[in-house]
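Undergrad: Please work out how this folds:
(chains A, B, C and D)
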Protein chains: 2
Amino acid sequence: MYINLHPIPLPHMRIEDEIKQPTFRDEYQKAVINLTYTSGWLQLRQATAFKSFGLTLPQFNILRILRGQHPRPATVALLIDRMLDKTSNASRIVDRLEEKKLVTRTVCPGNRRAVDIRITPAGLDLLKSIEDSGLMEKNGTQHLTPEEARQLNALLDKIRTDDDEGGATPDLPSCE
Amino acid sequence: MYINLHPIPLPHMRIEDEIKQPTFRDEYQKAVINLTYTSGWLQLRQATAFKSFGLTLPQFNILRILRGQHPRPATVALLIDRMLDKTSNASRIVDRLEEKKLVTRTVCPGNRRAVDIRITPAGLDLLKSIEDSGLMEKNGTQHLTPEEARQLNALLDKIRTDDDEGGATPDLPSCE
DNA sequence: TGCAAATTTATGTACATACATTTAATGTCG
DNA sequence: CGACATTAAATGTATGTACATAAATTTGCA
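TA: Residues are numbered from 1 along each chain as shown, chains lettered A, B, ... in the order given. Predicted coordinates for the structure are as follows:
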């Protein structure tokens, strides 16, 4: 999930100006493009912030999940279940974190198919440094009032309204 | 920009349920996660639709820009300028489209550094097939009223409000 | 017990992306 | 004219993602 936007964050406002498309068919088409663009814009900001700490966005997200489990271990299956971008290759992201000594991987006693993944003290320290830096608060949502943030959440939830097909949510995995 | 979500699209509603996180610090934190998640959800739908036509999402977007220029050519610089995910490697996406005979690449007469990229009749036909299929309209925004779509656009634009730093927008490239 | 099915993770391939560097053509200015 | 910066595109490397498949282990059941 990498994003973009030139050397330096640009000044921004109307989506019509961001893209060089003066008009849209309707507000619906515009909303789709605006949503994609704004999400990318936001993720760029986040990725840029994390980069100075040597982390990518997926690595950061995994690390945060592991802290949530701490001191209990997580399995790869649990990470996949909790991740925003699922299906992505949790194994390989954990590889990178392990190389940086931010997590440990040990075969789960009692189920040798599973792997216990734990965040290390170094990993906890890194997360704290990032959060203390205050970089995470500069994500654009501070321009919204609390009521507007609530509205936005309601609208986004509405977009994801199910129009069909059932599919049971699987149970949460855990190692023991 | 690839997304996810298991074998089959799941039924959806509240972001709290999607992710297994029962509470958020505030509506702002929730909005950030909701925006990322919803954008990924939407892009998965689109990517799935395009896959049956042998296109990835970036390839489709490039193709649409080229149609907008048609019958005039575009340069790589113009594609980068128009793309939602900028900086991305337009060259290599054009490689794939060229392999599929959906675009042509010819050195620009008059400026041999530049390359004229044009959509082929096959490319135009493919775009038309995709649009005729009606797949593009099933993107979730149909659950919003026109007024809600307008609100959503306003909120997203507000998130991207500039808090600082100037950075001039470069001029649009063209080949001649 | 014995062996097929299911579970859990890891690996392989193709594509996309972020970023740095390279290559080629053009422009500029002494 | 010729050295040097500038521009346009392509290439290289590391990472991430989608999807298919493999490998190891455990489970279920005849």
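Undergrad: next structured bit after the worst-scoring helix or strand of chain A on mean pLDDT?
TA: Least confident helix or strand of chain A, by mean pLDDT, DSSP states H and E, is helix A:15-18 with a mean of 70. Next along the chain after helix A:15-18, taking DSSP states H and E as the criterion, comes helix A:27-51.
Undergrad: List the buried residues for that next one?
TA: Under the neighbour-count criterion of 16 or more other C-beta atoms under 10 Å in any protein chain shown, helix A:27-51 has A:27-47, A:49-50 buried. All C-beta atoms are positioned from the backbone trio N, CA, C, and that covers glycine.
Undergrad: Near DNA strand D, list only the ones from these.
TA: If you filter the buried residues of helix A:27-51 for contact with DNA strand D, counting by C-beta under 7 Å from any atom of the strand, you are left with nothing.
Undergrad: got the CA positions of stretch A:151-167 in PDB?
TA: Coordinates of the C-alpha atoms in stretch A:151-167 are reproduced here as PDB (Å, rounded to 0.1, in the frame of the first residue of the first chain):
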ATOM      1  CA  GLN A 151     -21.000  12.100   9.900                       C
ATOM      2  CA  LEU A 152     -18.000  10.800   7.900                       C
ATOM      3  CA  ASN A 153     -18.000   7.500   9.700                       C
ATOM      4  CA  ALA A 154     -21.700   7.100   9.100                       C
ATOM      5  CA  LEU A 155     -21.400   7.800   5.400                       C
ATOM      6  CA  LEU A 156     -18.500   5.400   5.000                       C
ATOM      7  CA  ASP A 157     -20.300   2.700   6.800                       C
ATOM      8  CA  LYS A 158     -23.300   3.300   4.600                       C
ATOM      9  CA  ILE A 159     -21.100   2.800   1.500                       C
ATOM     10  CA  ARG A 160     -20.100  -0.600   2.700                       C
ATOM     11  CA  THR A 161     -23.700  -1.700   3.300                       C
ATOM     12  CA  ASP A 162     -24.100  -5.200   2.200                       C
ATOM     13  CA  ASP A 163     -26.400  -5.700  -0.800                       C
ATOM     14  CA  ASP A 164     -26.300  -9.400  -0.800                       C
ATOM     15  CA  GLU A 165     -24.400 -12.600  -0.400                       C
ATOM     16  CA  GLY A 166     -23.900 -14.100   3.000                       C
ATOM     17  CA  GLY A 167     -20.500 -15.200   4.200                       C
END
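Undergrad: what mean pLDDT does it have?
TA: pLDDT averaged over stretch A:151-167 equals 79, rounded to a whole number.
Undergrad: and what of stretch A:126-143?
TA: Per-region confidence: stretch A:126-143 scores 90 on mean pLDDT.
Undergrad: what does that stretch contact?
TA: Residues external to stretch A:126-143 that are found in contact with it (C-beta atoms under 8 Å, 6 or more residues apart in numbering or on different chains): A:38, A:41-42, A:45-46, A:49-50, A:53, A:55, A:60, A:63-64, A:67, A:102, A:119, A:149, B:28, B:31-32, B:158-161, B:163.
Undergrad: now do 6 Å
TA: Identification of contacts with stretch A:126-143 by C-beta atoms under 6 Å, 6 or more residues apart in numbering or on different chains yields A:42, A:49, A:53, A:63, A:67, B:28, B:31-32, B:158-159, B:161.
Undergrad: So what's the residue count around A:Arg64?
TA: 15 (other C-beta atoms under 10 Å in any protein chain shown).
Undergrad: In chain A, where is pLDDT below threshold?
TA: A:1-13, A:18-20, A:22, A:86-87, A:163-176 (pLDDT under 70).
Undergrad: Can you show me the helices along it?
TA: Assigned by DSSP state H, the helices in chain A fall at A:15-18, A:27-51, A:57-69, A:76-82, A:90-99, A:121-132, A:146-159.
Undergrad: what angle do the longest one and helix A:121-132 make?
TA: Counting by axes from the mean of the first three to the mean of the last three C-alpha atoms, to 10 degrees, helix A:27-51 lies at 120 degrees to helix A:121-132.
Undergrad: Wondering if helix A:27-51 reaches chain B at all.
TA: Yes: applying C-beta under 6 Å from any C-beta of the partner chain, one finds helix A:27-51 in contact with chain B at A:27-28, A:30-32, A:34-41.
Undergrad: From those residues, pick the one nearest DNA strand C.
TA: Closest to DNA strand C out of the residues of helix A:27-51 next to chain B is A:Gly40 (6.9 Å), distances taken as C-beta to the nearest atom of the strand.
Undergrad: quick one: the closest one and B:Ala31, what's the gap?
TA: Shown here: A:Gly40 relative to B:Ala31, a distance of 16 Å by C-beta to C-beta, to the nearest Å.
Undergrad: likewise A:Gln69?
TA: With the distance defined as C-beta to C-beta, A:Gln69 ends up 25 Å from B:Ala31.
Undergrad: do A:Leu66 as well
TA: In terms of C-beta to C-beta, A:Leu66 sits 24 Å off from B:Ala31.
Undergrad: now swap in A:Val115 and tell me
TA: Counting by C-beta to C-beta, the gap from A:Val115 to B:Ala31 is 34 Å.
Undergrad: And for A:Arg64?
TA: In this structure, A:Arg64 lies at 17 Å from B:Ala31, with C-beta to C-beta as the measure.
Undergrad: do the same with A:Arg160
TA: 14 Å.
Undergrad: who are the neighbours in contact with A:Ala122?
TA: Taking C-beta under 6 Å, 6+ apart as the definition of contact, the neighbours of A:Ala122 are A:101-102.
Undergrad: Tell me how far it lies from A:Gly54.
TA: The value you get for A:Ala122 to A:Gly54, if C-beta to C-beta is used, is 11 Å.
Undergrad: Fine, thanks again, bye for now.
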